[in-house]
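Student: Quick one: sequence plus predicted model below, questions after.
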Amino acid sequence: MPFKYGEVEIIWLGHAAFMISHRGNIIYMDPFNIQPKGRADIILVSHEHFDHLSLEDIRKVIKPETYLIAPENCRDKLRLLKTGVIRLVKPGDIAEVKGVRIEAVPAYNVNKFRAPGVVYHPKEEGSVGYILELDGVRIYHAGDTDFIPEMRSLKVDIALVPVSGTFVMTAEEAAEAVNVFKPKIAIPMHYGAIVGSRADAERFKELAKVEVVILEKE
C-alpha cells in the first residue's frame, strides 16, 4: 500500500526507487527495475551508477515535457535519451519545477571502500540526494551515502534512507543519522535488489528513535 502523508503519496518501487504523487504531479526518484505507475512529470536521479540511472527504466516513464534532474556525472548517459527537459545540478543547487521546490544535497561515502583508500561514492564526483518540498512537506531522498556531516542540519518531514551497508549506510549508521536530524517519518530503502534484505530494514526500525515505516515493494 502507498504511504500517505497529507496530500503526498509515496510508493516504494524497490531498491532506491520511489514514486511520489502530489496534486496531480508524478515524481519518480532513481527508477530502476520498476513497474511503471504512470508517466512522470519529474524524474530525479541521484548519480550515474546503473542501479540509479537506468535509461531503460527512465524510458518507461518519461514524456517529452518531463523534467529530468540529475548531477553532472550523469550528463553523458542522459544525452542518449533524446527526450525530456534535462537540468543538471550540483550539491547546493535549488530548482523550482512544476510547483515543486527541489534542493540537491551532498551524498558521498566516508567509510565504504572499493579499494584501499578509494570509496565507492567520492565527494568530489558531485553525486546528490534531494529534498523535495511539496506544499510545505519536505521529503529527503538520501541517494547513495554514508552518515555525513551535512545531514546533521537537515530539517525534513520524511527521510528515505539507505540501510543495506556495503555501498551505503548500514542499518546502524542510518539509525544513528535519523536519530540526529529527527525526521517525523523515516522510510528505509536500498535493500532487497542488489545488496541487503528486509532484515536490514527491521534492524533500522529497531534502532531508530523516530517513527519508521517499512514499505512493501510495488
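Tutor: Noted; the coordinates are in hand.
Student: beta partners for the residue nearest the centre of the chain?
Tutor: The centroid of the chain falls nearest to H141 when counting by Cα atoms, centre = their mean (3.5 Å). According to DSSP bridges, the partner residues bridging H141 are Y130, L160.
Student: isn't it right up against L44?
Tutor: Yes: using Cβ atoms under 8 Å, H141 is in contact with L44, at 7.0 Å. Where you see a C-beta, it was placed from the backbone N, CA and C, and this is true even at glycine.
Student: Next up, the contacts around the residue nearest to the centre of the chain.
Tutor: H141 makes contact with 16, 18, 29-30, 44, 46, 129-130, 132, 160, according to Cβ atoms under 8 Å, 6 or more residues apart in numbering.
Student: how much space is there between it and K37?
Tutor: Going from H141 to K37 by Cβ to Cβ, to the nearest Å gives 17 Å.
Student: again, but for E48
Tutor: Taking Cβ to Cβ as the measure, E48 falls 24 Å from K37.
Student: give me the number of residues near P2?
Tutor: 15 (other Cβ atoms under 10 Å).
Student: and it, what does it touch?
Tutor: 9-11, 21, 218.
Student: repeat for G84
Tutor: With contact set as Cβ under 8 Å, 6+ apart, G84 has these partners: 43, 58, 62-68.
Student: Please repeat the previous calculation with a cut-off of 7 Å.
Tutor: Applying Cβ atoms under 7 Å, 6 or more residues apart in numbering to G84 gives the contacts 62, 64, 66, 68.
Student: farthest pair in these?
Tutor: P64 and L68 (11.1 Å; Cβ to Cβ).
Student: Out of these two, name the residue with the larger neighbour count.
Tutor: L68 (21 against 8).
Student: any idea how far A175 is from the more buried one?
Tutor: L68 is 32 Å from A175, by Cβ to Cβ.
Student: Could you do S153 as well?
Tutor: In this view, S153 and A175 are 18 Å apart by Cβ to Cβ.
Student: So for these two, which sits in the more crowded spot?
Tutor: A175 (25 against 8).
Student: Check the residue lying closest to the more buried one once chain neighbours are set aside and give its pLDDT.
Tutor: With Cβ to Cβ, 6 or more residues apart in numbering as the criterion, A175 has its nearest non-adjacent residue at 3.5 Å, and that residue is L207. At L207, the model reports a pLDDT of 98.
Student: Now I27: phi and psi?
Tutor: phi -120, psi 120 (degrees, to the nearest 10).
Student: is it in a bridge, and if so with what?
Tutor: I20, I42.
Student: ok, it touching L13?
Tutor: No: I27 is not in contact with L13 according to Cβ atoms under 7 Å; the separation is 11.9 Å.
Student: quick one, helices of the protein?
Tutor: In the chain, the segments counted as helices under DSSP state H are 55-61, 75-78, 171-181, 198-207.
Student: got a list of contacts for the first one?
Tutor: This means helix 55-61. 28, 31-34, 36, 39-40, 43, 77, 80-81.
Student: now that helix, how far from the centre of its chain.
Tutor: Centre-to-centre, helix 55-61 and its host chain are 17 Å apart (Cα atoms, centre = their mean, to the nearest Å).
Student: Thanks a lot, see you next time.
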